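Student: Any chance you can model this:
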Amino acid sequence: IPVYKSHEKLMYNVSRVLGKFSLDSKCRAIINTKRSANCRHFLELCELHPEHNGMLVRLCFTLGNLTASNNDNRRLIAMQLGGMLKLSRLLHTKVTTFVSKVEKQRQREEALEADTTGADEDELQEL
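Tutor: Alright, predicted model coming up:
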């Protein structure tokens, strides 16, 4: 993975495959043979491609599967690799962006409704 991290499409496809592999206990065991390096790469990919929602979902899914029943992986990702802070920042950014988009859409809808209401009132006054 390290050499190809900047290749977004390739990393997206790798994240898709890893997500599926991480569902299987034997595949998780293989990923865990190099748990520190693999988890570090997954977190780095999240930071490198923060706008690629599909990749983020799959990488977080994989990290979730690796930590669901493995305390060592939880400690590794959260504490040793700084995953708690990295993923919290990423989530904060995503939530802030989403809330901003929703607010802008609400404002556009209100403005459109006000314009429509104003036009209706003008027509009634002319009658």
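
Student: The least confident helix or strand in the chain by mean pLDDT packs against which elements?
Tutor: Every helix and strand of the chain was ranked by mean pLDDT, DSSP states H and E. The lowest is helix 83-126, at a mean of 85. When contacts are defined as 3 or more C-beta pairs under 8 Å, 6 or more residues apart in numbering; DSSP states H and E, helix 83-126 packs onto helix 35-48, helix 53-68. To be clear about C-beta, it is placed using only N, CA and C from the backbone, and glycine gets the same treatment.

Student: Which SSE is immediately downstream of the last one?
Tutor: Using DSSP states H and E, the helix or strand that directly follows helix 53-68 along the chain is helix 71-75.

Student: So for that next one, mean pLDDT?
Tutor: Mean per-residue pLDDT for helix 71-75: 96.

Student: mind exporting that helix as CSV, just the C-alpha atoms?
Tutor: Extracted in CSV, the C-alpha atoms of helix 71-75 (Å, rounded to 0.1, in the frame of the first residue of the first chain):
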residue,chain,number,x,y,z
ASN,A,71,-8.7,-5.4,22.4
ASP,A,72,-5.1,-5.3,21.1
ASN,A,73,-6.3,-3.7,17.9
ARG,A,74,-8.4,-1.2,19.8
ARG,A,75,-5.5,-0.1,21.9
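
Student: Show me the contact partners of it.
Tutor: Asn32, Arg35, Cys39, Leu66, Thr67 (C-beta atoms under 8 Å, 6 or more residues apart in numbering).

Student: likewise stretch 24-42?
Tutor: 1-2, 5, 18, 21-22, 59, 62-63, 65-66, 70, 72-73, 76-77, 80-81, 83.
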